[in-house]
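**Student:** Sharing a model that was predicted from the sequence below.
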Amino acid sequence: MCPNCILNQAGLQTGVYVAFGVCLLFFIAAVVAMGWAFKSGEFEDIEGSKFEMLDDGDDTSLSQAARSKIEKLRTQTKS
């Protein structure tokens, strides 16, 4: 508590309301962000990010064959 609040016998009511208001704003922003992420498909392919991380950018015939096999397996599991 601040010294001015102690001397003037002021309560903490307004500060508590402001703190809860700020927390409520952050909560609403988080819910909106999660909704946007689900709507835009950010969580559709969670497993793909680890493979993209290992990709060095060289498209050789071996990597293309592996990608085609992975895509075939994905389409079989979705069906």
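**Tutor:** It's in. From a predicted model like this one, the values you see are computed outputs, not experimental measurements.
**Student:** any low-confidence regions in this structure?
**Tutor:** In the predicted model, the chain carries pLDDT under 70 at residues 1-12, 57-59, 78-79.
**Student:** Got the domain ranges for it?
**Tutor:** Domain ranges of the chain: 1-44, 46-79, per automatic domain parsing.
**Student:** now the ones you listed in CSV, with mean neighbour count?
**Tutor:** The way it works is simple: take the backbone N, C-alpha and C, and place the C-beta from them, glycine included. Shown next, in CSV, are the domains of the chain (neighbours: other Cβ atoms under 10 Å):
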stretch, mean neighbour count
domain 1-44, 10
domain 46-79, 9
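**Student:** quick one: residue 52 and residue 41, what's the gap?
**Tutor:** Separation of residue 52 from residue 41 (Cβ to Cβ, to the nearest Å) stands at 15 Å.
**Student:** top helix in the protein by residue count?
**Tutor:** The longest helix of the chain (DSSP state H) is helix 13-39.
**Student:** Give me the distance between the residue sitting nearest the centre point of the chain and residue 23.
**Tutor:** With distances taken as Cα atoms, centre = their mean, residue 34 lies nearest the centre of the chain, 6.2 Å away. As judged by Cβ to Cβ, residue 34 and residue 23 stand 17 Å apart.
**Student:** do the same with residue 67
**Tutor:** Residue 67 is 46 Å from residue 23, where distance means Cβ to Cβ.
**Student:** repeat for residue 13
**Tutor:** 16 Å.
**Student:** now do residue 31
**Tutor:** According to Cβ to Cβ, residue 31 stands 13 Å off from residue 23.
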